[in-house]
Structures are given as C-alpha cells and as structure tokens.
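Chemist: need coordinates for the following:
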Amino acid sequence: MVIYSCALCSQRFKYSIFLSYPLILILRRAYNEFKIPRLNLSMTKSWPKFIAGWVISFLIRLVPFRPPNIEPILGIQMPFSKAYGHAPAFLFAFSNIVLFDLLVNKFGVWTWITALAYGFLGIWSAQYFKTRKNSPSNYLKFSIMATIAYDAVTGLSIGPMLFNQPFMAAVIGQIPFTLLHLLGNCSFAVLASPLIYRFAVSKRSFAGAYLLNLKPLAN
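Modeler: Here you go, the predicted structure:
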C-alpha cells in the first residue's frame, strides 16, 4: 500500500509538471514581450526626503544675523517641484513662510502676501520644469525670473500699501535688496538645486530584468 501511494504521488507530480510547463512558457513569453531591458532614470517621490528638504530650508532661515534676502527656499523648492507637482510645491514655500513668521513673532498681513507669492512661485516652478531638464542653467534662468517677479510683487506692495511708503522710495530701496536676493538665489540654483534633485528626487533603476534569470524565448 505504501509503495502504491508513493508511486501514485510520483505519477501525479510528473503529471502536474507536464501540465504546468505550457503555462510557464506562456508566462515567460508574456514577461519578455513587455520587459524594458535598459537603465531608466526616473523621478520618484519620497515624502521623508521632501520633509527633510523643508526642515533644512526652515533651519537655514533661523541662522542668526542672516540677511533676509539670502534664503534657500527657492533653491530647494525648484527640484522638488519638478517631481512632486503644483500643490506640494505651493505648500512647501507657503507653510515655510507662515510658520517661520509665527515662530519669530513677526506674523502680520505681510506674511500672507509673501507666503502666497512664494507659494505661487512653487506652482510656476512645477509648470516650468515639467518639460525642462535638471540642469544648472535651467535652475539659474528660473531663479532670475522668479526672484524679480517675487520682489516686484512683495517689495513694491508691502511698503506703499501697509506702511504708506512712497512708491518711488520703494523702487529705489528695492534695487539693492533685489540684487542681493538674486545673488543668493542664483548661487543656490547653480550649486545646490541640481544636487538636491539628483540625490533627493531622482533614482536609477533597472527595468526588465529576466525572471529567475531565464533567457528570452527565441522568436
């Protein structure tokens, strides 16, 4: 009886292997048809890295005696906006500005103006880099446009609207401020933004590795 049972199990095992073989061939064929045997450079979302970028930006702004127009928000925001899109890019800068002013007890109407302006720079950045490569030149171009637009909106509105500053006085006072702002943002854009994208946003991955190291079937 024992010998008969063993023989029966062996026969069923061989029969199962025989029936499974065509299925294995079909699965191999399907897999090899849809594989992409090359190295892909793709964007990946890592929320811990996103939060780390936000925290680093926030901490740098807390450095004592730091000039107010030397700050890293735009330089860190640009590479993240390329991968994360419009809403996260908006919140990155908006929340950074609001929470910073609350922490240092400088919250006011100007906080909403600067936070919204920087938030919309994030939306613009996400749209701008949607079709552009990760390169220092692209980050430099955008940082110049974004800095001038931001300073024009905030610098020429907060003083005249909230503190009755003459408009021409605001324009004259804004020129050296914007020049230093451009120096800081452009430096971050060229030196930091490409590295942030490379190490915190992009990833290299192999796609289409053969299942169980099997070679593709001959055509």
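Chemist: what residues are up against the residue nearest the centre of the chain?
Modeler: Note on the chain: the residue nearest the mean C-alpha position is Phe80, at 2.0 Å, using C-alpha atoms, centre = their mean. By C-beta atoms under 8 Å, 6 or more residues apart in numbering, the residues touching Phe80 are Phe50, Gly53, Pro88, Ala89, Phe92, Ile196, Ala200, Val201. C-beta coordinates here come from the backbone N, C-alpha and C atoms, glycine included.
Chemist: kindly recompute the last result at 10 Å.
Modeler: Listed by C-beta atoms under 10 Å, 6 or more residues apart in numbering, the contact partners of Phe80 are 45, 49-50, 53-54, 57, 88-89, 92, 122, 125-126, 129, 193, 196-197, 200-201.
Chemist: what mean pLDDT does the strand or helix carrying it get?
Modeler: For Phe80, the enclosing helix or strand under DSSP states H and E is helix 73-84. The predicted model assigns helix 73-84 a mean pLDDT of 94.
Chemist: please apply the same query to stretch 141-153.
Modeler: So the average pLDDT for stretch 141-153 ends up being 97.
Chemist: what's the answer for stretch 124-137, then?
Modeler: Per-residue scores along stretch 124-137 average to 95.
Chemist: determine how far the last residue of it lies from the first.
Modeler: End-to-end distance of stretch 124-137 (C-alpha to C-alpha, to the nearest Å): 17 Å.
Chemist: can you start the count at 818 instead of 1 from here on
Modeler: Got it, the first residue is 818 from now on, which makes the last one we talked about stretch 941-954.
Chemist: report the buried residues of that stretch.
Modeler: Taking 16 or more other C-beta atoms under 10 Å as the basis for neighbour counts, the residues of stretch 941-954 that come out buried are Trp941, Ser942, Ala943, Tyr945, Phe946, Asn951.
Chemist: kindly report the same for stretch 870-889.
Modeler: Judged by neighbour count (16+ other C-beta under 10 Å), stretch 870-889 contains these buried residues: Gly870, Trp871, Ser874, Phe875, Ile877, Arg878, Asn886, Ile887, Glu888, Pro889.
Chemist: tell me which of these has the lowest pLDDT.
Modeler: The weakest per-residue confidence within those falls on Asn886 (85).
Chemist: in this structure, which spans are helices?
Modeler: For the chain, applying DSSP state H gives helices covering 819-851, 864-878, 890-901, 903-920, 926-945, 953-980, 984-1008, 1010-1013.
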